[in-house]
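Engineer: give me coordinates for this.
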Amino acid sequence: MEELNENSEESIDMQEVTDTAFGVVPLGKVIQGEVVTVDDEFVYVNVGTKSDGRVSIDEFDINPEIGSVVEVMLVNRRMIDGMYVFSKRIAEEEKRWLKFIETHKDKSENILGTIKNSVNKGILVDCGGVNAFLPFSHTANIRVGKTNVDNAPIWFKIKGIDEERKTVIISRKEYLEEERERQWNNFVSKYSLGDRVMGRVARFVESGAIIDIEGLKAYVNKNDMSWRKVFKQKKILTIGEEREFVLLNYNREEGKISLGIKQLIEDPWLRIDEKYHVDDVVSGRVVTLTDSGVYIEIEEGIEGFLNSYNISWTKRNVNSRDVFHKGELIDVKVLDINKEEGRISLGYKQLHPNPWDTIEESFGIDSVHRRKIKKIVSFGMFVELMEGIDGLIHISDVSWDGNSQNSLGSYKIGNEVEFKILDIKSEDMKISCGIKQLTKSPWEVIKEKYPAGSVVAGIISGIVPFGLFIKINDDVEGLVHISEVSHRRVDNLAEQYKISQQVSAIILGIDVEKKRLSLSIKEYNQIMEEDEVNKILSDTSPKRVTIGDIIKMKNEV
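Structural biologist: Residues are numbered from 1 along each chain as shown. Predicted coordinates:
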């Protein structure tokens, strides 16, 4: 009992000592202390009481001088190594907290903060030395898990402050919503549709560009950048550029603002028909070359289209890049103006005479010429009659021999050939030429040599169900149709005739175009019979000739 009482008395005495030493220095209060000594681990301070306290030297960036005054706070009343522990860092935090509370009394102001790191369910933000908590649901445009690269302060809205727990809840989302509302109020109060506004080009998108205008995002469609039909938007706008736009439309509920650039100047198409007329010759600059033609700017915002078809009279499929180059100034003729659709059709070839209009003056039908072979293809070869105008010698018009596959073998590009003009189609830009037409067709020669009714002799070269093929002189083959073989019915020609058998026939006719020679054995035999009868009648008195004699003569033939 004495031991217990002794301990109890000691405990009471210690409490009294503490109260005496620190009764005027309550926990959680910032006080000033004078530095009395410094060693490798601690800074010892006198706070005006009987006992000194100590502060970890790690809390100082630079060791303090003896006699200097520092602000500290009592951490707890437990003594360590017979001394009480103070903290300079906690004192500074307390001062910052008190200043924060004093500055943000209404607890609903906006505040600048710097992202520190992510924690459970949110992000810690340093707001002037006070750690604030940003819930993930209120991060808005802050990317979770990504630190602020340049460590730049960001504005937030204070959602709440718990002074007892010393916690602050902030929101980026609510700040942006209020800021957006403020910006929209300011925007709507300042501008009306059609007003000119200044904006900064933020970035390009597929169909236009995003513009920053007084904190709000606006959009300029590519169709509203220029009165031109074809252009590159990067030639009109530059990222980061500050420039003027026209306010075309806005929708506060949807948060959309539409801007225009071309509306800064009057639509040049409004008076297009006053300045330009069909058949006018104008100068323009080549701005775009395409597979189908050329876009030519004849004045700012006015572009006409020169179709490839209207580039050359002599070339049907012209590659515009082979004729013009970008930026070139050329003269063109106005072919058509469509004010409603904003289109002008231009012509280039119309400024020059059409050689096809007078082609027959230089290259008449049946005229003969000599030119170099320009190109050889599977179906013939082309000869250049004049610059830009070629003639085609079809493979079938090269030779009379009929072997069209071999007729091109003896010709080479660059060789000069003589030919005849066969046909001209100016509308289609086509000229047909021929080499074989310089000489008579072998069949024309045969027709002259063997007129209809001529008697010819030959050998049978072929027997078919419908007739006999007879080869006569000059290696010409004719056909004796089965109906022209005999007056009598013939069912099987092979029973009466043999290959290589010599026969005579009458020429019925020659078709030069179809290369056909028609023969008749029947006609030949009939003529021969008539000649024989006439001969008998002329040598014998009619009174002495009987029907029997004539029949006998026929049987002998």
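Engineer: residue 325 and residue 286 touch, don't they?
Structural biologist: Yes: with contact defined as CB atoms under 8 Å, residue 325 reaches residue 286; the gap is 6.8 Å. Any C-beta I mention is one placed from the backbone N, CA and C, and that applies to glycine too.
Engineer: now do residue 200, the pLDDT please.
Structural biologist: Residue 200 is assigned 96 on the pLDDT scale.
Engineer: measure it to residue 262 for me?
Structural biologist: Distance, residue 200 to residue 262, using CB to CB, to the nearest Å: 19 Å.
Engineer: with residue 116 instead?
Structural biologist: 48 Å.
Engineer: which residue is the nearest non-sequential neighbour of residue 221?
Structural biologist: In space, and not counting its chain neighbours, residue 221 is closest to residue 208: 4.5 Å by CB to CB, 6 or more residues apart in numbering.
Engineer: how about the contacts made by residue 55?
Structural biologist: By CB atoms under 8 Å, 6 or more residues apart in numbering, the contact list for residue 55 reads 42-45, 70, 72, 85-88.
Engineer: residue 54: which of those residues is nearest?
Structural biologist: Of all the contacts of residue 55, residue 54 sits closest to residue 42, with 4.2 Å by CB to CB.
Engineer: mind checking how far that closest one is from residue 67?
Structural biologist: Distance check for residue 42 against residue 67: by CB to CB, it reads 17 Å.
Engineer: who's more crowded, the two?
Structural biologist: residue 42 (19 against 8; other CB atoms under 10 Å).
Engineer: would you confirm that the more buried one contacts residue 53?
Structural biologist: No: applying CB under 8 Å as the test, residue 42 and residue 53 come out as separate, 9.4 Å apart.
Engineer: beta partners for the residue nearest to residue 385 when sequence neighbours are not counted?
Structural biologist: Excluding the flanking residues, the one nearest residue 385 by CB to CB, 6+ apart is residue 391, at 5.1 Å. Judged by DSSP bridges, the bridge partners of residue 391 are residue 383.
Engineer: is residue 364 in a helix, a strand, or coil?
Structural biologist: Taken by DSSP: H, G, I helix; E, B strand; the rest coil, the conformation at residue 364 corresponds to coil.
Engineer: right, I mislabeled it, should have said residue 179
Structural biologist: Taking three-state DSSP, the label given to residue 179 is helix.
Engineer: so what's it up against?
Structural biologist: 155, 215.
Engineer: now it: how far from residue 157?
Structural biologist: Where residue 157 is concerned, residue 179 sits at a distance of 9 Å (CB to CB).
Engineer: how about the longest strand belonging to the chain, which residues are buried there?
Structural biologist: Criterion DSSP state E: the longest strand present in the chain is strand 69-80. By 16 or more other CB atoms under 10 Å, the buried positions in strand 69-80 come out as 70, 72-75.
Engineer: average pLDDT for that strand?
Structural biologist: What strand 69-80 shows for mean pLDDT is 82.
Engineer: next SSE after it?
Structural biologist: Next helix or strand after strand 69-80 toward the C-terminus (DSSP states H and E): strand 83-87.
Engineer: next, the angle strand 69-80 makes with that following strand.
Structural biologist: 130 degrees (axes from the mean of the first three to the mean of the last three CA atoms, to 10 degrees).
Engineer: partners of strand 83-87, with directions?
Structural biologist: By DSSP bridges, strand 83-87 pairs with strand 53-56 (parallel), strand 69-80 (antiparallel).
Engineer: minimum distance to residue 256: which of the ones you listed has it?
Structural biologist: Residue 256 lies closest, by CB to CB, to one member of the strands paired with strand 83-87: strand 69-80, at 54.7 Å.
Engineer: list the contacts of that closest one.
Structural biologist: Identification of contacts with strand 69-80 by CB under 8 Å, 6+ apart yields 18, 22, 25-35, 43, 45, 47, 53, 55, 64, 84-88, 90-92, 94-95.
Engineer: show me the shaky parts of the protein.
Structural biologist: Counting by pLDDT under 70, the chain has low-confidence residues at 1-26, 51, 107-108, 144-150, 402-405, 474-475, 532-557.
Engineer: most centrally placed residue in it?
Structural biologist: Of all residues in the chain, the one closest to the mean position by CA atoms, centre = their mean is residue 290, 11.5 Å from it.
Engineer: setting aside sequence neighbours, what's the nearest residue to that one?
Structural biologist: Nearest to residue 290 is residue 320, by CB to CB, 6+ apart, at 7.0 Å.
Engineer: for the one you found, list the residues it contacts.
Structural biologist: Counting by CB under 8 Å, 6+ apart, the residues that residue 320 touches are 289-291, 293-294, 306, 308, 311.
Engineer: mind checking how far residue 321 is from residue 464?
Structural biologist: Distance, residue 321 to residue 464, using CB to CB: 61 Å.
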